[in-house]
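Enquirer: For reference, the sequence and a predicted model appear below.
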Amino acid sequence: MTNTLKCLCLIFCTMILFSCRKDDTNTPDPNDAMYFPPLTGNTWDTVSMTSLGWNLDSLQALKDYLAEKHTKSFMILVNGRIAMEAYFNGHNAQADWEWNSAGKTLVASAVGIAQQQGLLSINDQVSKYLGTGWSSAPVEKENLITIRNLLTMTSGLNDSSNLVVKKNLTYLADAGTRWAYSNVFQLLMDVVAAASHQDFDSYFEQNIKDKIGMEGYWNKGIIFTIYHSDTRSMARFGLLALNKGAWNGTQILNKPYFDSLSTSSQAINPSYGYLCWLNGKSSYMVPGSQKVFQGYLVPPAPAGMYAAMGASDQRVYMVPERNMVIVRMGDASDPLHPTFAVSGFDEALWSKINAVINK
């Protein structure tokens, strides 16, 4: 073999060696591993937008839009690390803010944990825990209502009043035959309390809050019980949800239940799971209406996105395609229409986000 041929063979073998090393799945880039912040303290790993290859030229437009739309805080996590954290309009990292209906997903998670602990089954009648006559529906109709119906907004009870008291919980349709966004879900807190023989706040703290290092509290108003926390605590729950109920190797909420929580729970509104909104479905419904809209819930967002959404545009988006969690807290983007509804805000926000994160 000539010297020239030997050199060519050496170069070729070296190229193969480096190519194999590049594709070696046994030595992953540590920046691609999922990160979970410590349960206590303020330490939280970050990742630079430059290393992610994001378009920094579009970043200011995103920030300007957030500030203009009365945002208080905004975060993006990638693989659990903070890629963007920004505060607006006098808010700061230590300040609490209300989750509004985004907190429904916290309740759904508590129900799932109670089920895995054998305290209840979501197929149980609600009356097993609240007693017969908890609603104003005829007893035979009330007995059709299960915990799962409350999780999926298919109780069939009147949804015209936000105040959850017996006189307002009248019969409209058999459970499971009508989807309507209703505040009656809050009775799930009473169900968990009865099943666990302790108040819901304590159960939530022991089984979710403390296990992922959240801060915050449930504020019990006359009409609503709403969770309040800082932005990072909201992001912690988003990270738990992104990882299908697992936190740093511990399965807090079992995966089969979480898969049900984050997939279509019924055929009437396929864009709704267990108190959780879903993108990428063929149609969707919105609060306060029986109209069915065709297409994705948030067209510019990835199809696999699922979200906790609340009034005044509180948002926690989980994006499995990008290992990403996005949090938005603040006042209503449109002060004239502060109640929750999937609106143009989500589409416009995602268009701004896409301009930054798409290479």
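Expert: Sure thing, it's come through. Residues are numbered from 1 along each chain as shown.
Enquirer: ok, which stretches of the chain are strands?
Expert: Secondary structure of the chain, counting by DSSP state E: strands at 71-78, 81-87, 97-98, 217-220, 225-229, 246-247, 250-251, 277-278, 283-284, 293-294, 306-310, 314-319, 324-330.
Enquirer: Pipe those into a markdown table and attach mean pLDDT and mean neighbour count per row.
Expert: Any C-beta I mention is one placed from the backbone N, CA and C, and that applies to glycine too. Output for the strands of the chain, formatted as a markdown table (pLDDT from 0 to 100; neighbours: other C-beta atoms under 10 Å):
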| stretch | mean pLDDT | mean neighbour count |
| --- | --- | --- |
| strand 71-78 | 98 | 24 |
| strand 81-87 | 98 | 19 |
| strand 97-98 | 98 | 20 |
| strand 217-220 | 96 | 14 |
| strand 225-229 | 97 | 21 |
| strand 246-247 | 98 | 18 |
| strand 250-251 | 97 | 12 |
| strand 277-278 | 98 | 25 |
| strand 283-284 | 96 | 18 |
| strand 293-294 | 95 | 10 |
| strand 306-310 | 96 | 24 |
| strand 314-319 | 98 | 26 |
| strand 324-330 | 98 | 25 |
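Enquirer: What is the end-to-end distance of stretch 118-137?
Expert: Using C-alpha to C-alpha, to the nearest Å, one end of stretch 118-137 lies 28 Å from the other.
Enquirer: How about stretch 105-124?
Expert: Using C-alpha to C-alpha, the span of stretch 105-124 from its first residue to its last is 20 Å.
Enquirer: coming back round to it: do you know which of the strands of the chain lies nearest residue 33?
Expert: With C-beta to C-beta, the closest approach to residue 33 among the strands of the chain belongs to strand 81-87: 9.7 Å.
Enquirer: Residues in contact with that closest one: which ones?
Expert: Residues outside strand 81-87 that contact it (C-beta atoms under 8 Å, 6 or more residues apart in numbering): 31, 35, 44-49, 52, 54, 63, 66, 72-77, 93, 231.
Enquirer: and those, which are buried?
Expert: 35, 44, 47, 49, 52, 54, 63, 66, 72-77, 231 (16 or more other C-beta atoms under 10 Å).
Enquirer: what's the neighbour count on residue 120?
Expert: 18 (other C-beta atoms under 10 Å).
Enquirer: And the pLDDT for it?
Expert: Note for residue 120: predicted pLDDT of 98.
Enquirer: correct me, but it touches residue 146?
Expert: No - Residue 120 is beyond contact range of residue 146, at 10.5 Å (criterion: C-beta atoms under 8 Å).
Enquirer: Any figure for the gap between the nearest residue to residue 73 once chain neighbours are set aside and residue 92?
Expert: Take residue 73 and drop its neighbours on the chain: the residue closest to it by C-beta to C-beta, 6 or more residues apart in numbering is residue 231, 4.0 Å away. As judged by C-beta to C-beta, to the nearest Å, residue 231 and residue 92 stand 9 Å apart.
Enquirer: likewise residue 222?
Expert: 29 Å.
Enquirer: Comparing those two, which residue is more hemmed in?
Expert: residue 92 (10 against 5).
Enquirer: Now do stretch 161-175: everything it contacts.
Expert: So stretch 161-175 is contacted by 133-138, 141-142, 144-146, 149, 154-160, 178, 180, 183-184, 186-187, 222-224 (C-beta under 8 Å, 6+ apart).
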